[in-house]
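Engineer: coords please:
(chains A and B)
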Amino acid sequence: MEKEKKINFEKNIKKLEDIVRELEQGEVPLDDALNKFNEAFKLSKECDDKLKEVSESVNKILNKDGNLEEFKIPE
Amino acid sequence: MNVKYYTITALNKSIKKMFDEKLELNNIHIKGEISNFKHHTRGHFYFTLKDENSQISAIMFATNTKSLNFEPVDGMKVLVSGKVTVYETTGSYQIYVNDMQQDGLGNLYLEFEKLKKKLEAEGLFKKEHKKSIPKYPMRIGIITASTGAAIRDILSTIKRRFPICETILFPCLVQGADAKDDIVRNIHLANTYPLDLIILGRGGGSIEDLWAFNEEIVARSIYDSEIPIISGVGHEIDFTISDFVADLRAPTPTGAAEMAVPNTLDVLNMIMQYRIRLTKGITNKLDKERKILDNLKNNYILKNPMSLYEKQEQNFDHLYERLINAIKVNISSNEEKISKIKSSFIFKNPRLLFADKAYNYNELIKRLKININNIMENKKNIYINLLSKVEVLNPITTIKRGYTITKQNDKVISSIKNVKNNDIIMTTLTDGIIESVVKDVYEESNVSK
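Structural biologist: Here you go, the predicted model:
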């Protein structure tokens, strides 16, 4: 699930860029353009929300037993 | 005589004392070649140092060997520092080494250049082999020591710039003889995790400290990594082989983290810009469509739909008129043709056609008769002509005119060369044959004389 999320961010931004360029060229038929506009706005909101997620950054360390455990940034 | 006998222990102790009192032996630097090297299971090194003529036993304790970034081997030229003293038990003096370096850093630079050239020739540094670095990595693997400045700098930079990114630290030896194998092992290990990116880092140090990052196996495992790797080793000025093979080279560990992740504020700003452009784009589109619609609404035809019909009505009338005219013209031209045929001379006097043919017939008969007569006359003349020629050619006729035919053995003689004296020849005349004997033969020229 985590993996899913991270692939989406990069893909969403790319899709967003593509739609912005397409709409700026003005060649898309109106119906399509409106659909794309809605899609792009939704994508931008998803990315925005993701970036603003209030969460402590997750740092882990692979310990000697091969398990991941939390890692605090050394002072 | 009272002789004093020393014990061996006392002797060795006394000799050891002599060594230890000599200050220059307490901290001496010597250079030589290693032989008989033994790496004891408890970590101590036992070996011999020698030059062309002499040798000395050497020992290096485990506490000192740990900091070495290379494994000594027989034949290696080294610079060592230590203390020369006596091992009383065996009565031998030896050097206790506390630091050892490979002789001549020049060797390391040569090795570096040699490996760099080799890997470059193999194409390991080529741009086309570099994997692209994701712009927004959400999970980064960090291969470095778990303590020290490097990991702290990397993590705090990522936290400051792009806190939503997760990190996994793969704690790793970054100096010493075992570092190269540990780095390789951790690169393999990191590749078994779902990571977007790997940062391979180490803080600054001497060329020996950074040496693990100049090892061929490290370079090859960076090259083989499926996950893109950013290297950040040492300081700005330090270049390692790992830097050349990595998909991206950062000057320092902090630099590697800065290159790895974007700044969240920049990304948020970018998304806002995209929204503005999106809105502008769709507004422009709507304006354009509205203009087209307005144009259509104002169109003359749409406003006066009957005008479409009127025009067609007019067209129809025009075409109808043209059709009627065309038919009329066609009829009158055909009528004209018919009346012309009716009024023609032959049509009115059909007999004239026959009279003409009869005349032709009589004329042909007449010409045929004349031709036949001409041919007959011709043939008659030719016949008479031929008859006279036959008369001339007949040999009998010739004989009648006084000529004779002379033969010998039934062959006609036509030249004097055909006969010689005393030949019998037969001459034919009109009324008989003369048999004669050749008396003599004369050539033409002689006869006339």
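
Engineer: quick one: B:Ala58 is in a strand?
Structural biologist: Yes. Under DSSP: H, G, I helix; E, B strand; the rest coil, B:Ala58 falls within a strand.

Engineer: enumerate every residue touching it.
Structural biologist: B:45-49, B:80, B:82, B:94-97 (CB atoms under 8 Å, 6 or more residues apart in numbering or on different chains). From N, CA and C alone the C-beta is placed, and that goes for glycine too.

Engineer: check B:Leu173 too.
Structural biologist: Neighbouring residues of B:Leu173 by CB under 8 Å, 6+ apart: B:145, B:179, B:182-183, B:212.

Engineer: closest one of the residues you listed to chain A?
Structural biologist: Checking those against chain A with CB to the nearest CB, the nearest one is B:Ala145 at 10.3 Å.

Engineer: one step back: neighbour count, secondary structure and pLDDT added to the contacts of B:Leu173, as a markdown table?
Structural biologist: Formatted as a markdown table, the contacts of B:Leu173 follow (neighbours: other CB atoms under 10 Å in any protein chain shown; DSSP: H, G, I helix; E, B strand; the rest coil; pLDDT from 0 to 100):
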| residue | neighbour count | secondary structure | pLDDT |
| --- | --- | --- | --- |
| B:Ala145 | 19 | coil | 94 |
| B:Ala179 | 22 | helix | 93 |
| B:Asp182 | 19 | helix | 95 |
| B:Ile183 | 26 | helix | 96 |
| B:Ala212 | 27 | helix | 93 |
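
Engineer: least trustworthy helix or strand in chain B by mean pLDDT?
Structural biologist: Here the helix or strand of chain B ranked lowest by mean pLDDT, DSSP states H and E is helix B:444-448, holding a mean of 59.

Engineer: show me where the stretch 51-200 of chain B has strands.
Structural biologist: Secondary structure of the stretch 51-200 of chain B by DSSP state E, counting those that start in this stretch: the strands cover B:55-60, B:77-87, B:92-102, B:139-144, B:166-171, B:197-202.

Engineer: no no, chain A
Structural biologist: For chain A, the strands defined by DSSP state E cover A:59-62, A:68-70.

Engineer: quick one: residues in contact with the last one.
Structural biologist: By CB under 8 Å, 6+ apart, the surrounding residues in contact with strand A:68-70 are A:58-63, B:168.

Engineer: OK, contacts around the residue nearest the centre of chain A?
Structural biologist: Nearest to the geometric centre of chain A sits A:Phe9, at 1.9 Å (CA atoms, centre = their mean). Counting by CB under 8 Å, 6+ apart, A:Phe9 touches A:47, A:50, B:136, B:138.

Engineer: any idea how far the helix or strand harbouring B:Asn381 is from the middle of the chain?
Structural biologist: Using DSSP states H and E, B:Asn381 sits in helix B:352-393. Centroid separation for helix B:352-393 versus its chain: 94 Å, with CA atoms, centre = their mean, to the nearest Å.

Engineer: if we can go back for a sec, adding neighbour count, pLDDT and distance to A:Leu43, write the contacts of strand A:68-70 out as TSV.
Structural biologist: Formatted as TSV, those follow (neighbours: other CB atoms under 10 Å in any protein chain shown; pLDDT from 0 to 100; distance: CB to CB, whole Å):
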residue	neighbour count	pLDDT	distance to A:Leu43
A:Val58	16	85	24
A:Asn59	20	89	28
A:Lys60	16	91	29
A:Ile61	18	92	34
A:Leu62	21	91	34
A:Asn63	13	89	38
B:Ile168	22	95	28
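
Engineer: surely B:Tyr46 is in a strand?
Structural biologist: Yes. Under three-state DSSP, B:Tyr46 falls within a strand.

Engineer: give me the neighbour count for it.
Structural biologist: By other CB atoms under 10 Å in any protein chain shown, the residues close to B:Tyr46 number 14.

Engineer: what are the structural domain limits within chain B?
Structural biologist: Under the assignment automatic domain parsing, the domains of chain B span B:8-104, B:115-126+B:133-262, B:338-390, B:399-448.

Engineer: touching, B:Glu215 and B:Asp182? I think so.
Structural biologist: No. Counting by CB atoms under 8 Å, B:Glu215 does not reach B:Asp182; the two are 11.1 Å apart.

Engineer: of the domains of chain B, flag the one that's most buried.
Structural biologist: domain B:115-126+B:133-262 (a mean of 20; mean count of other CB atoms under 10 Å in any protein chain shown).

Engineer: chain center to it, what's the gap?
Structural biologist: 35 Å.

Engineer: now swap in stretch B:395-407 and tell me
Structural biologist: Using CA atoms, centre = their mean, the offset of stretch B:395-407 from its chain centre is 107 Å.

Engineer: now stretch A:67-75
Structural biologist: With CA atoms, centre = their mean as the basis, the mean position of stretch A:67-75 lies at 25 Å from the chain mean.

Engineer: let me see the mean pLDDT of that stretch.
Structural biologist: Averaged across stretch A:67-75, the pLDDT comes to 85.

Engineer: give the buried residues for that stretch.
Structural biologist: A:Phe71 (16 or more other CB atoms under 10 Å in any protein chain shown).

Engineer: so how far is the first residue of that stretch from its last?
Structural biologist: Using CA to CA, to the nearest Å, one end of stretch A:67-75 lies 23 Å from the other.

Engineer: is B:Gly255 in contact with B:Gly232, as I believe?
Structural biologist: Yes. Between B:Gly255 and B:Gly232 there is a contact at 5.6 Å, judged by CB under 8 Å.

Engineer: find residues that contact each of these two.
Structural biologist: Contacts common to B:Gly255 and B:Gly232, judged by CB under 8 Å, 6+ apart, are absent.

Engineer: so what's B:Tyr442 up against?
Structural biologist: Applying CB under 8 Å, 6+ apart, the residues near B:Tyr442 are B:Ile416.

Engineer: helix, strand or coil: sort out it for me.
Structural biologist: Three-state assignment for B:Tyr442 (three-state DSSP): coil.

Engineer: contact partners for B:His44?
Structural biologist: B:59-62, B:65.

Engineer: dump stretch B:191-201 to PDB, restricted to CA.
Structural biologist: As requested, the backbone C-alpha atoms of stretch B:191-201 are provided in PDB (Å, rounded to 0.1, in the frame of the first residue of the first chain):
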ATOM      1  CA  ASN B 191      18.100  -3.700  -3.700                       C
ATOM      2  CA  THR B 192      15.800  -6.200  -2.000                       C
ATOM      3  CA  TYR B 193      13.700  -3.300  -0.500                       C
ATOM      4  CA  PRO B 194      11.100  -1.300  -2.500                       C
ATOM      5  CA  LEU B 195      13.200   1.900  -2.700                       C
ATOM      6  CA  ASP B 196      13.100   4.800  -5.100                       C
ATOM      7  CA  LEU B 197      16.700   5.700  -4.600                       C
ATOM      8  CA  ILE B 198      19.900   4.900  -2.700                       C
ATOM      9  CA  ILE B 199      22.300   7.400  -1.200                       C
ATOM     10  CA  LEU B 200      25.800   6.000  -0.600                       C
ATOM     11  CA  GLY B 201      27.600   8.400   1.600                       C
END
